[in-house]
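Engineer: generate coordinates for the sequence data below:
(one chain, ligands or ions: 2)
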Amino acid sequence: MNICEQDIQKLDAFIEGAKEIVITAHIHPDGDAAGSTNALLCYLRSRGKDNVRIVYPEPLADTISFIAEGNDGSFILDAAASPEECRRAVSSADLIFCLDCNSFARTGPLEDAMRSSSARKVLIDHHLAPDSGAFDLVFSTPEVSSACELLYNVLLALPDVGGDVSRLPQPSAEALMAGMTTDTNNFSNSVYPSTFAMASGLLGAGVDRDGILQKLFNEYRENRLRMMGWLLYENMRITDAGVAYMIITSDTAERFGIMEGETEGFVNMPLAIGRVKMSILLKIDGNGYFRVSVRSKKGYSSNLCATRYFHGGGHENASGGRLFFPQDIPSPDEAAGYVERVTGELFKEEGYV
Ligand code: 5GP
Ligand code: MN
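Structural biologist: Ligands and ions are numbered 1, 2, ... in the order given. Predicted structure coming up:
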C-alpha cells in the first residue's frame with residue numbers, strides 16, 4: 001500500500017490545525033463505514049480534538065450499531081434524525097473526512113452541504129473511481145479489503161502512533177477489526193497480504209475478535225434466517241448464462257417483518273453454486289426504486305453491471321445501485337424481466353458467455 005510520507009505530514013498538519021471536524025460516510029452506512037468513522041472519531045478525540053462529529057446520511061442499522069459503542073453517542077449525528085444539526089455541523093466544520101465513500105454524491109441528503117463547505121476535505125476510501133478533484137487530500141486505493149484497512153495504515157503512519165498499534169485507542173482498534181471483517185465477509189473476499197497484517201496487528205493489540213464475530217454473525221433475529229430460506233428456495237431464479245437474482249418486494253419485506261440491515265450478506269449466497277457467475281439482489285425501497293446489490297466471481301464485473309444498468313458502482317466484484325420505476329421499468333413487476341435482459345446483454349457484450 002503506497003501511503004506517501006508527504007500526505008501523512010499534510011494530514012497531521014490538517015488535524016493539528018482543525019477546530020471543528022466532521023466525519024462522514026456513504027448512504028446506508030455498512031459495517032466498514034461504521035468501523036472506519038468510529039475508529040477515526042475515537043482517535044481524534046484521544047488526540048485532544050473535542051469538537052469532532054460523525055455525520056451520517058442515515059442512522060446505522062441495529063445489526064451494526066454495536067460498532068459505535070466505543071464512542072459517546074452525542075458525537076454521532078444522522079441526517080434523518082437531526083437534519084438541521086447535521087447541516088450546521090458540516091457548514092461550520094474546518095476539516096471534513098469522507099470515509100468508505102468515493103464521492104459526496106454518495107452522501108445523499110448531505111451532498112450539497114458537503115460540496116459547498118469551505119472546510120479542508122480528506123478522502124480515505126477503497127472504491128473505484130474516486131472523485132479526487134473534490135478533495136484537498138486523497139488516500140484511495142482499491143487494493144485493500146476495506147476503508148478500515150486503509151485507515152488503519154494511515155493512522156499507524158501518523159507521527160503520534162509511529163507504527164505502534166498499541167498506541168491506537170482500544171475502541172478504534174475494535175472498530176477497525178469489525179469493519180474489515182464485514183467488508184471481507186469474514187476473510188472470504190477482498191483479502192490481501194496487508195489485510196492479514198492488519199488483523200495480526202489488531203489481535204496482537206488485544207482486540208476481541210471472538211466478541212466481534214459473535215455480534216456480527218450470531219445475534220440476528222429469527223426472521224432473517226426464515227427469509228433467507230424462503231428467498232433461496234422460492235424466490236431465486238438463475239438465468240442460462242449463470243446470473244442468479246432474488247427480488248424482495250414490499251409484500252415479502254412485510255411478510256417477514258424485515259428491518260434495515262437484516263438482508264446483509266444474502267446476495268453472496270447464490271455464488272456458492274458452481275454455475276452462478278453473478279448474483280443480484282433487488283430490495284424495494286419505499287421511495288420508488290429497488291436498491292440493487294451485485295456480486296460476482298472473478299472475471300465477471302459487478303462494477304460494469306451496476307454502472308451500466310443500475311446508476312451505481314462500487315468495486316469490481318461487489319457493487320450496488322438503484323432501479324427506478326417508472327423511469328427504468330414501468331412497474332416493480334417488470335424487475336425480473338429487466339434483470340434478465342440487461343445481464344444477458346452484459347454477458348454477451350463482455351464475452352462472458
Ligand atoms: P451493497 O450491495 O453492500 O449495498 O454495496 C456493495 C458496494 O457497492 C459497496 O462498496 C457500496 O459502497 C457500493 N455501492 C452500493 N450502492 C451504490 C451506488 O448506488 N453507487 C455507487 N457508486 N456505489 C454503490
Ligand atoms: Mn467498504
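Engineer: which secondary structure elements does the host helix or strand of Ala335 sit against?
Structural biologist: Element membership for Ala335, per DSSP states H and E: helix 335-349. Under the contact definition 3 or more CB pairs under 8 Å, 6 or more residues apart in numbering; DSSP states H and E, helix 335-349 sits against strand 243-248, strand 278-285, helix 302-309. Yep, even glycine has a C-beta here, placed from its N, CA and C like the rest.
Engineer: partner strands of the second one, parallel or antiparallel?
Structural biologist: I take that to be strand 278-285. Within its sheet, strand 278-285 is paired with strand 243-248 (parallel), strand 289-296 (antiparallel), according to DSSP bridges.
Engineer: circling back to that earlier point, for Gly204, find the nearest of the helices and strands packed on helix 335-349.
Structural biologist: helix 302-309 (33.9 Å; CB to CB).
Engineer: run the angle between the closest one and strand 289-296 for me.
Structural biologist: Using axes from the mean of the first three to the mean of the last three CA atoms, to 10 degrees, the inter-axis angle of helix 302-309 relative to strand 289-296 is 150 degrees.
Engineer: helix 302-309 close to ligand 1?
Structural biologist: No - Helix 302-309 is not in contact with ligand 1 by CB under 6 Å from any ligand atom; minimum separation 6.6 Å.
Engineer: okay, that helix in CSV with CA atoms only?
Structural biologist: C-alpha atoms of helix 302-309 as CSV (Å, rounded to 0.1, in the frame of the first residue of the first chain):
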residue,chain,number,x,y,z
SER,A,302,-20.2,-6.3,-10.9
ASN,A,303,-19.0,-2.8,-11.3
LEU,A,304,-19.8,-2.7,-15.0
CYS,A,305,-23.3,-4.2,-14.3
ALA,A,306,-24.0,-1.7,-11.6
THR,A,307,-22.7,1.3,-13.5
ARG,A,308,-24.3,0.5,-16.9
TYR,A,309,-27.7,-0.7,-15.7
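Engineer: one step back: including mean neighbour count, could the helices and strands packed on helix 335-349 go into JSON lines?
Structural biologist: Listed next are the helices and strands packed on helix 335-349 as JSON lines, based on neighbours: other CB atoms under 10 Å:
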{"stretch": "strand 243-248", "mean neighbour count": "23"}
{"stretch": "strand 278-285", "mean neighbour count": "23"}
{"stretch": "helix 302-309", "mean neighbour count": "21"}
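Engineer: dump those to CSV, plus mean pLDDT.
Structural biologist: Shown next, in CSV, are the helices and strands packed on helix 335-349 (pLDDT from 0 to 100):
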stretch, mean pLDDT
strand 243-248, 98
strand 278-285, 98
helix 302-309, 98
